[in-house]
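Colleague: Need coordinates for the below:
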Amino acid sequence: MISAELGLALKLTPEEINQEARILIAVKLYELGRLSTGAAAEFARVPKPLFSTKLAEYGVDTFKLSEEELQNDLLSASHHL
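Modeller: Predicted structure coming up:
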């Protein structure tokens, strides 16, 4: 449980703190190679493009996608054209 003082110090609501914590955990699990970008985004409860942005914000290399992930991303992108 996050204390009220910590929430005030971070200028975040308890819900925002929980969301940020989920994103941070997902980023680390992705960085360790334990989750794919899609699985990590799902864990963080954010869309995959937003998760990719978060990876960049935290300085995590996003170019270690597997061949399958690359193919899925390319297929997904082609459907949006």
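Colleague: List the contacts of Ser52.
Modeller: By C-beta atoms under 8 Å, 6 or more residues apart in numbering, the contact list for Ser52 reads Thr37, Ala41, Thr62. The way it works is simple: take the backbone N, C-alpha and C, and place the C-beta from them, glycine included.
Colleague: I'd like the residues you listed as JSON lines, with pLDDT, distance to Glu5 and neighbour count appended.
Modeller: Listed next are these as JSON lines, based on pLDDT from 0 to 100; distance: C-beta to C-beta, whole Å; neighbours: other C-beta atoms under 10 Å:
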{"residue": "Thr37", "pLDDT": "90", "distance to Glu5": "35", "neighbour count": "21"}
{"residue": "Ala41", "pLDDT": "95", "distance to Glu5": "31", "neighbour count": "22"}
{"residue": "Thr62", "pLDDT": "74", "distance to Glu5": "35", "neighbour count": "13"}
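Colleague: how about Gly59, secondary structure?
Modeller: Put simply, Gly59 is coil when judged by DSSP: H, G, I helix; E, B strand; the rest coil.
Colleague: what about Glu20, helix or strand, and which?
Modeller: Under the criterion of DSSP states H and E, Glu20 resides in helix 14-31.
Colleague: Give me the residues contacting that helix.
Modeller: For helix 14-31, contacts defined as C-beta under 8 Å, 6+ apart pick out 2, 6-7, 10, 12, 35-37, 40-41, 43-46, 51, 54-55, 58, 60.
Colleague: again, only using 6 Å
Modeller: With contact meaning C-beta atoms under 6 Å, 6 or more residues apart in numbering, helix 14-31 is reached by Ile2, Leu35, Ala40, Phe43, Ala44, Lys54, Tyr58, Val60.
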